[in-house]
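Peer 1: Predicted model and sequence follow; I will ask about them next.
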Amino acid sequence: MAHKNDDTRDGDTPGTSVSQLDSSIDVESGDSTSISAVQRQEQPAKSWKGYIWDTWDLPQDERRMLFKVDAFILTFASIGYFLKNLDQTNVNNAFLSGMKEDLNMYGDELVTSTSIWTVGYVIGQIPSNLLLTRVSPRWVIPSLELLWGVATISTAPIKNYHALYALRFFVGFFESGFYPGIHYILGSWYTPRELGKRAMIFWLAGSVGQMFSGFLQAAAYTNLSGVHGYAGWRWLFLIDGIITLPLAVLGYFFFPNLPQGGEKTWWITQEEHELSVRRMAASNRAGKQKWSKAKLRRILLSWHAYLLPLLYILWNQGAPQDAMGYWLKSFNADPPPVPGKHFSVADINKLPLPTTGIFVVMAIAWGWLSDGPCRGARWPFIHIGAVITCAFAIVLREMPLYENINGRMIVFWFSRIGGGAGPLILSWINEICSDDTEKRAILVAAANDFAYVVGTVAPNFVWKTTDFPRALKGYTWSIILQCLLIVATATVQFLLWRDNKRAKARNTTEVTSLPASPERTEEALEEQSQKSAVTQERGVNSQ
């Protein structure tokens, strides 16, 4: 739920602590509906430090609490995401490092093992996120990491690829809950003025980690191959799994419970725990609710269940695949397309690196701008990102391959600057569905889940290796999906505006239909104003 475009806040703006709100919240149950009053006050402007990191402008008690939460959640999540990617991709390094010969994988066994991993990853995401609504993440997230670490270690001594198939399924299944689970947890701790940048940091930690994973894998193989009679590829699985286990064990002691769960984390004081509950109640983050067929039906029949995951799918699949390496390699064809122009293997590996660097800087800027000057609004950056990505896809599609080599290289470097909207879309889902924690958990997981399913199928048709470096079908696909993303985002904005308008009309009708007793009318007006305050925060800024 993005924030309303005004200068007042429900306790999550710099300058006023949520602890100053007059509220009576059931801390034990985590009930987010028991706020007795939400005082909306004029807030002082942000300082320059507050725009750099939001906690600087908060009162000391709230700043101290958020510092601890940031330290434990973001540190654990970022390292864990790096380790997840390491354990996910090590099978490819192992295949190229001797596993192919040792396990007699001369057919499609590697592709099959990847497909089996994908099956486990796809079926595990939604159940894992739903489990987080009933069991503290302090137990769920470290357990997932522990189990995929054990499965990774168990891959080292295998004797045939059938054992590899079984273990890759379990690695995928246990890894599946980590990424959507962390986004659900972030949405359970942070307000809309804080969530976007933290979701972006978590996401980028995995992206940056992928840049260094190859070096780590190479070092393990080079230095340990043959030690104790183990082939280098077996050491890859051992090392990757072993470094995963300590973080999992630490998670049991340090990963926090959710404010809505009612159970206080040991490193948070009682006052800080109550403050965290009030902050989430002021942002309309609901606690767990009873499951029923009627509830499931409401979720499945809501437009949120289809349009919100669609936003993430369109963003995820609408980004042009990195074709720069294929383009550079094409200069070495025989006969060469440009006589005398040649790129070495080192050039092909190094020249695309600025693309990632520029992308990371822009993505960080988007997270900060969304939380700060844009007051928690997500939709502007989805629109802007789609327009930019579409424009670069058009240029790369129409630009001659070999007439302006330096110009095309610059276009490649900047082609991903519009691709940072993904974490903001998941943040938006967290906010739009904040009054129903089960719906929020399902849709955050479903968005990532369905995007992954589409991503395993579509590239086989539109991003064929044989189509590079021109990739006309691929760039056309990107252009179409980015245009659809703009339309889908505008549709979500309209539906949020419509729902908010209906809610305000319904609240007005409820108040005017009550008995005319002065005392009763005053109580009703106060109650209805409290109910609509958070609802307006959710919808108005989303238009």
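Peer 2: Thanks, I have the structure now.
Peer 1: Check the burial of Gly419 by counting its neighbours.
Peer 2: Look at Gly419: counted by other CB atoms under 10 Å, it has 21 neighbours. No exception for glycine: its C-beta is placed from N, CA and C like everyone else's.
Peer 1: What of Gly340?
Peer 2: For Gly340, the count of nearby residues is 6 (other CB under 10 Å).
Peer 1: which SS state does it fall under?
Peer 2: With DSSP: H, G, I helix; E, B strand; the rest coil as the basis, Gly340 sits in coil.
Peer 1: any idea which helix or strand comes after the helix or strand hosting Gly149?
Peer 2: Gly149 belongs to helix 137-154 when assigned by DSSP states H and E. As assigned by DSSP H and E, the chain's next helix or strand after helix 137-154 is helix 161-175.
Peer 1: Quick one: distance of the helix or strand just after that next one to the chain centre.
Peer 2: Following helix 161-175 in sequence order, the next helix or strand is helix 178-189 (DSSP H and E). Averaging C-alpha positions (CA atoms, centre = their mean, to the nearest Å) puts helix 178-189 8 Å from its chain's average.
Peer 1: and if you look at stretch 356-365?
Peer 2: Stretch 356-365 sits 16 Å away from the centroid of its parent chain (CA atoms, centre = their mean).
Peer 1: for stretch 288-304, same thing?
Peer 2: The chain centre lies 23 Å from the centre of stretch 288-304; the measure is CA atoms, centre = their mean.
Peer 1: before we move on, what about stretch 248-262?
Peer 2: On the basis of CA atoms, centre = their mean, stretch 248-262 sits 19 Å off its chain's mean C-alpha point.
Peer 1: Tell me which residues of it come out buried.
Peer 2: Using 16 or more other CB atoms under 10 Å as the test for burial, stretch 248-262 gives Ala248, Leu250, Gly251, Phe254, Phe255, Pro256, Asn257, Leu258, Pro259, Gln260, Gly261, Gly262.
Peer 1: Can I get it in CSV, CA atoms only?
Peer 2: C-alpha atoms of stretch 248-262 as CSV (Å, rounded to 0.1, in the frame of the first residue of the first chain):
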residue,chain,number,x,y,z
ALA,A,248,21.8,-21.6,9.2
VAL,A,249,22.8,-22.4,12.8
LEU,A,250,23.2,-18.7,13.6
GLY,A,251,19.8,-18.1,12.2
TYR,A,252,18.2,-20.2,14.9
PHE,A,253,19.6,-17.8,17.5
PHE,A,254,19.5,-14.4,15.8
PHE,A,255,16.8,-14.4,13.1
PRO,A,256,13.8,-12.4,14.4
ASN,A,257,10.2,-13.4,14.9
LEU,A,258,7.5,-11.3,13.2
PRO,A,259,5.9,-8.4,15.0
GLN,A,260,2.5,-9.7,14.1
GLY,A,261,3.3,-13.1,15.6
GLY,A,262,3.3,-11.8,19.2
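Peer 1: Averaged pLDDT, it. What do you get?
Peer 2: For stretch 248-262, mean pLDDT is 93.
Peer 1: cool, stretch 222-230 as well?
Peer 2: Stretch 222-230 shows a mean pLDDT of 83.
Peer 1: mind listing what's buried in it?
Peer 2: For stretch 222-230, the neighbour count (16+ other CB under 10 Å) marks Leu224, Ser225 as buried.
Peer 1: ok, now stretch 357-366?
Peer 2: By 16+ other CB under 10 Å, the buried positions in stretch 357-366 come out as Phe359, Val360, Met362, Ala363, Trp366.
Peer 1: what's the answer for stretch 194-210, then?
Peer 2: For stretch 194-210, by 16+ other CB under 10 Å, it's 194-206, 209-210.
Peer 1: Show me which of those residues is closest to Phe173.
Peer 2: When the buried residues of stretch 194-210 are compared for distance to Phe173 (CB to CB), Gly206 wins out at 18.9 Å.
Peer 1: Look up the closest residue to the residue nearest the centre of the chain, ignoring the ones flanking it.
Peer 2: In the chain, the centroid-proximal residue (CA atoms, centre = their mean) is Pro423; its distance is 4.3 Å. In space, and not counting its chain neighbours, Pro423 is closest to Ala199: 3.9 Å by CB to CB, 6 or more residues apart in numbering.
Peer 1: Could you figure out how far the strand or helix carrying the one you found is turned away from helix 178-189?
Peer 2: Using DSSP H and E, Ala199 sits within helix 195-224. Using axes from the mean of the first three to the mean of the last three CA atoms, to 10 degrees, the direction of helix 195-224 lies 150 degrees away from that of helix 178-189.
Peer 1: which stretches of the protein form strands?
Peer 2: 8-9, 41-42 (DSSP state E).
Peer 1: Relative to Met105, which of the buried residues of stretch 248-262 is nearest.
Peer 2: Distance to Met105 across these (CB to CB) is lowest for Ala248, with 29.4 Å.
Peer 1: Give me the packing partners of the helix holding Gly149, helices and strands only.
Peer 2: Helices and strands touching helix 137-154, by 3 or more CB pairs under 8 Å, 6 or more residues apart in numbering; DSSP states H and E, are helix 75-94, helix 109-132, helix 161-175, helix 178-189, helix 232-254.
Peer 1: Quick one: closest of the ones you listed to Cys483.
Peer 2: Distance to Cys483, taken as CB to CB, is lowest for helix 178-189 among the helices and strands packed on helix 137-154, at 26.2 Å.
Peer 1: Need the pLDDT of the spatially closest residue to Ala163 that is not a sequence neighbour.
Peer 2: Spatial nearest neighbour of Ala163, excluding adjacent residues (CB to CB, 6+ apart): Thr155 at 7.9 Å. On pLDDT, Thr155 comes in at 96.
Peer 1: burial of Thr155, as a residue count?
Peer 2: 26.
Peer 1: That one and Arg297, how far apart?
Peer 2: According to CB to CB, to the nearest Å, Thr155 and Arg297 sit 42 Å apart.
Peer 1: Check Tyr326 too.
Peer 2: 48 Å.
Peer 1: Packing partners of the helix holding Ala199?
Peer 2: Helix 195-224 packs on helix 75-94, helix 178-189, helix 232-254, helix 353-371, helix 422-432, going by 3+ CB pairs under 8 Å, 6+ apart.
Peer 1: Outline the domain layout of the protein.
Peer 2: 8-22+54-285, 299-542 (automatic domain parsing).
Peer 1: ok, and which of those domains has the densest surroundings?
Peer 2: domain 8-22+54-285 (a mean of 20; mean count of other CB atoms under 10 Å).
Peer 1: Figure out how far it is from the centre of its chain.
Peer 2: 12 Å.
Peer 1: still on that earlier bit, tell me the pLDDT at the residue nearest to the centre of the chain?
Peer 2: 96.
Peer 1: can I assume it is in contact with Gly367?
Peer 2: Yes. Using CB atoms under 8 Å, Pro423 is in contact with Gly367, at 7.0 Å.
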